[in-house]
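S.K.: Prediction below, plus the sequence it came from.
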Amino acid sequence: MAPRLFRGDWAEWDKDRRASEVENLTAVYERHLIEAWRRLGTLVGASTREIEERRADIVRLVQSRFEAVQRSRRARALALAEESGEPLSETQLREIERRAGEPIADQSAAHVILPMLPDALALEIDRYLGATTDLVVRPAAGSTREIVDRVEVIPGLRVVASGERLYPLEVMTVDIDTASLPAPLRSGGLRRVEATGVGVHVIGWTRSNVRDSDIERRGDALAANADLREESLTEGGADRGGYDESGPELIGAAGIEQSMEFRLRGLRGEHVRRADTGETSRTPAKPGGDVTLTIDAMLQARVQAVMDPSLGLAVVQHWNASPEKNNDGTPNPAFRPVGTPLHGAAVVMDVDSGEILAMVSTPGFTRSELSVEGSKVFEPTAEAGGGAFLNRAVGRPYPPGSVAKALMLVGAAERGVYKTGDAIECTGHLFPKEPNAFRCWIFKRTQFSGSPVTHQSQFGHPLSGAEALMVSCNVFFFTIGQRLGIEGVQSVYREFGVGQSWGLGVGGEFSGIVGRPERLGKMQIQDAIQMGIGQGPVAWTPLHAAQAYATIARFGAWVHPKIVIGHPTREVKKLAFPGEAAVEALEGLGYSVRDQRGSGHHIVVNGESEPVFDIPVNRLWLWGKTGTAAGSDTFDPDGPSGPALPETVSGDHSWYVVLAGSAQDRRPRYAISVLMEYAGSGGKVSGPICNQIVHALIAEGYLRLPTGGEP
């Protein structure tokens, strides 16, 4: 540098003068570096001492790496030399030392001084990239002329993408009042549960390695979006939002991180210096945009804590265990030993807006677990078939089970095959001469007891639609399926969204199945009968279930579910079922929860009956339905329906879908859908989880309980 600055004078100076000028120059540039570090510290709010300590740590780390490499190089060279058996000369030893002391890459590479800066601050620092200033240098002696050197304001400064994102709410602690748990789990006071991986299935995760598919996807987005092209491309055609394959990049790999990649991704700044004039122009970098979700992080954490096996609800207990064998002695695919963790999904939706407030899938995982033990996340296990990464709320198919009966009731009224208030006989089985096929669940239990029971014998009269929903009468809804026929029953499911994907951007979505794929043969009337109770060739997801019940609560207004605020609002569709049919359906769903005879009213624990919901009816309004997703080798052991859909999950899975509202307005405000895999029939597992989700809605202020003199 000195010869360049002093040019002709340098050749005339003797050795001492040159040494003096080098010492002088060193002091000038060191003062500039000290000022550069001070400036950087001011920008980031760090003291000079903090930055110096960080620099010293990096220097020590690099030096220790260098010394380790140096020792290794020396040892290898000496070992090779010893193999020859000849003594080493002084020249050879010096050569070994020279090679051992060659610099390593870390000694010339850039190192991170200030990690994980906020985007806004990083972009403020980015303004200094390439920025220069005039540094005045005066010779130490013998001359008064000033020499000006153009140098970087902050020499060597680089701002790079970290390849990492912070998720401050990924682990949250939740307190749960054990007084609201089933009797064996009540310990008195609060139980503290750590919810880990909160929202990971929705938000997703990132990676730092650039793939060909990323570059291709970016190109497709630019080709399809004129606004993105105008914002991203320079006059020369370079993409300021493109991927740099030479360094770490923050790339959305799953969930919202992936689907909203090009909104979350910022644009690089650009510095252009004209070679002919020396003039520079600068285009500032642009930070990535924000994406706001409808998910309430605290509610999400509460629901996840409720479904954590450590609390005891999502575990096989002696009171909710499925039998090891079926009544006919065959193995029960839903059987799990006591103590086995149970996994599933839950969705909480605002009825009026369709906004998803919570979407939980278990088992969960943290992003650090994903990076360290990815195989445990992606590989299926005996306990978590499909893998922990799978978002069971939207990505896995389950038969609707008896949850679908409410849809069938309003759908049949819409199509004129059932009139609100009509009664249908329940003799225990659909066909008079076939008592072992298409049976009601209560008849099946008592058929060989000597005094078989039917729902009609319990009520003393044929059942209305509301009564049939209350007790979940299979024969009533077998009859509805039979009346609707193949085309009619399929159309009911389709108008409620089965067969339609949501496009939420949270990852893989299962759109639903209605009807048999061609490879499984043509539909038969037996299929329509089975589909009347949510079995047969039909499958959906917990989000479908929440959306369907919210649609009934809106008296047919079909609002597209939403999880990203700011996404275009889709047109509200109006289903054509009569309003009185919705009233009757809600009446039956209310009875199911409130009436002692209701299938969703209570569970039996240690021989004692406990209400599923422990909040008094006059303080909260609830409507609900249990169901069993019998994804077995046949659609129903009673019906000759042929092979099951290969996509469905074998075993009896537990549904409970609830509509909840405050006692003050007495209308559904929130839809809650819970599906627990291999949890057996009815709501023995899903019901108590639903109860805790209702408590979570109260705790977070969504549902208000009346106080004092309020009705």
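M.R.: Arrived safely. Residues are numbered from 1 along each chain as shown.

S.K.: Thought residue 165 was touching residue 250, still the case?
M.R.: Yes. With contact defined as Cβ atoms under 8 Å, residue 250 reaches residue 165; the gap is 6.4 Å. In this view, the C-beta of every residue, glycine as well, is placed from N, C-alpha and C.

S.K.: More neighbours: the two, which one.
M.R.: residue 250 (19 against 14; other Cβ atoms under 10 Å).

S.K.: Quickly list the domain ranges of the protein.
M.R.: 2-114, 203-283, 297-699 (automatic domain parsing).

S.K.: Figure out which of these is closest to residue 121.
M.R.: domain 2-114 (6.4 Å; Cβ to Cβ).

S.K.: can you give me the end-to-end distance of that closest one?
M.R.: 32 Å (Cα to Cα, to the nearest Å).

S.K.: hang on, the earlier thing: which residues are common contacts for residue 250 and residue 165?
M.R.: residue 206 (Cβ atoms under 8 Å, 6 or more residues apart in numbering).

S.K.: Can you name the residues that contact the spatially closest residue to residue 271 that is not a sequence neighbour?
M.R.: The spatial neighbour of residue 271 that comes closest, neighbours along the chain excluded (Cβ to Cβ, 6 or more residues apart in numbering), is residue 130 at 4.6 Å. Going by Cβ under 8 Å, 6+ apart, residue 130 touches 152, 271, 280, 282.

S.K.: hang on, the earlier thing: just the domains of the chain: most buried one?
M.R.: domain 297-699 (a mean of 21; mean count of other Cβ atoms under 10 Å).

S.K.: Ends of it, what's the gap?
M.R.: Terminal-residue distance, domain 297-699 (Cα to Cα): 13 Å.

S.K.: ok so residue 535 is a helix residue?
M.R.: No. Judged by DSSP: H, G, I helix; E, B strand; the rest coil, residue 535 forms no part of a helix; its state is coil.

S.K.: Does residue 667 touch residue 661 like I think?
M.R.: Yes. Judged on Cβ under 8 Å, residue 667 makes contact with residue 661 at a distance of 5.1 Å.

S.K.: Between these two, which contacts overlap?
M.R.: residue 621.

S.K.: Grab the most central residue of the chain for me.
M.R.: Centroid-nearest residue in the chain: residue 201, 1.7 Å away (criterion: Cα atoms, centre = their mean).

S.K.: about what we covered before: pLDDT and secondary structure added to the contacts of residue 130, as JSON lines?
M.R.: Shown next, in JSON lines, are the contacts of residue 130 (pLDDT from 0 to 100; DSSP: H, G, I helix; E, B strand; the rest coil):
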{"residue": "152", "pLDDT": "86", "secondary structure": "strand"}
{"residue": "271", "pLDDT": "71", "secondary structure": "strand"}
{"residue": "280", "pLDDT": "72", "secondary structure": "strand"}
{"residue": "282", "pLDDT": "74", "secondary structure": "strand"}
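
S.K.: which one of these is nearest residue 701?
M.R.: Checking the contacts of residue 130 against residue 701 with Cβ to Cβ, the nearest one is residue 282 at 48.1 Å.

S.K.: How about the contacts made by that closest one?
M.R.: By Cβ under 8 Å, 6+ apart, the neighbours of residue 282 are 130, 269, 270, 271, 272.

S.K.: now do residue 192
M.R.: Neighbours of residue 192 in contact, by Cβ under 8 Å, 6+ apart: 173, 174, 175, 176.

S.K.: can you list these in JSON lines and add neighbour count, secondary structure and distance to residue 211?
M.R.: Listed next are these as JSON lines, based on neighbours: other Cβ atoms under 10 Å; DSSP: H, G, I helix; E, B strand; the rest coil; distance: Cβ to Cβ, whole Å:
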{"residue": "173", "neighbour count": "10", "secondary structure": "strand", "distance to residue 211": "37"}
{"residue": "174", "neighbour count": "22", "secondary structure": "strand", "distance to residue 211": "37"}
{"residue": "175", "neighbour count": "13", "secondary structure": "strand", "distance to residue 211": "43"}
{"residue": "176", "neighbour count": "22", "secondary structure": "strand", "distance to residue 211": "42"}
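
S.K.: how much space is there between residue 572 and residue 673?
M.R.: To residue 673, residue 572 is 21 Å away according to Cβ to Cβ, to the nearest Å.

S.K.: scratch that, residue 31 is what I was asking about
M.R.: 67 Å.

S.K.: repeat for residue 148
M.R.: To residue 673, residue 148 is 72 Å away according to Cβ to Cβ.

S.K.: The contacts of residue 192: which two are farthest apart?
M.R.: 173 and 176 (10.7 Å).

S.K.: Name the residues contacting each of those two.
M.R.: Common neighbours of residue 173 and residue 176 (Cβ under 8 Å, 6+ apart) are 192, 193.

S.K.: hang on, the earlier thing: now do the contacts for the residue nearest to the centre of the chain.
M.R.: By Cβ under 8 Å, 6+ apart, the contact list for residue 201 reads 255, 359, 360, 361, 364, 389, 391, 393, 506, 507.

S.K.: Next step: these restricted to helices.
M.R.: residue 255 (DSSP state H).

S.K.: Out of the contacts of residue 201, which sit inside strands?
M.R.: Mapping those onto strands (DSSP state E) picks out 359, 360, 361.

S.K.: Beta-bridge partners for the last one, please?
M.R.: Here residue 361 shows beta-bridge partners residue 345, assigned using DSSP bridges.

S.K.: Now do the same for it: its pLDDT.
M.R.: For residue 361, the model assigns a pLDDT of 97.

S.K.: I'd guessed it sits against residue 386; true?
M.R.: No. Counting by Cβ under 8 Å, residue 361 stays clear of residue 386, with 10.1 Å between them.

S.K.: now the strands for the stretch 101-250 of the chain?
M.R.: 132-137, 147-152, 171-177, 190-196, 206-207 (DSSP state E, counting those that start in this stretch).

S.K.: again with the stretch 451-600 of the chain
M.R.: Counting by DSSP E, counting those that start in this stretch, the strands of the stretch 451-600 of the chain are 513-514, 538-539, 557-558, 573-574.

S.K.: Out of these, which gets nearest to residue 337?
M.R.: Residue 337 lies closest to strand 538-539 among the strands of the stretch 451-600 of the chain, at 27.4 Å (Cβ to Cβ).

S.K.: check contacts around residue 590.
M.R.: 621, 622, 623.

S.K.: bridging residues for residue 622?
M.R.: residue 660.

S.K.: from what I can see it touches residue 660, true?
M.R.: Yes. With contacts counted by Cβ under 8 Å, residue 622 reaches residue 660, the gap being 5.5 Å.

S.K.: between those two, what contacts are shared?
M.R.: residue 694.

S.K.: what ranges of the stretch 351-500 of the chain fall below the confidence cut-off?
M.R.: 382-385 (pLDDT under 70).
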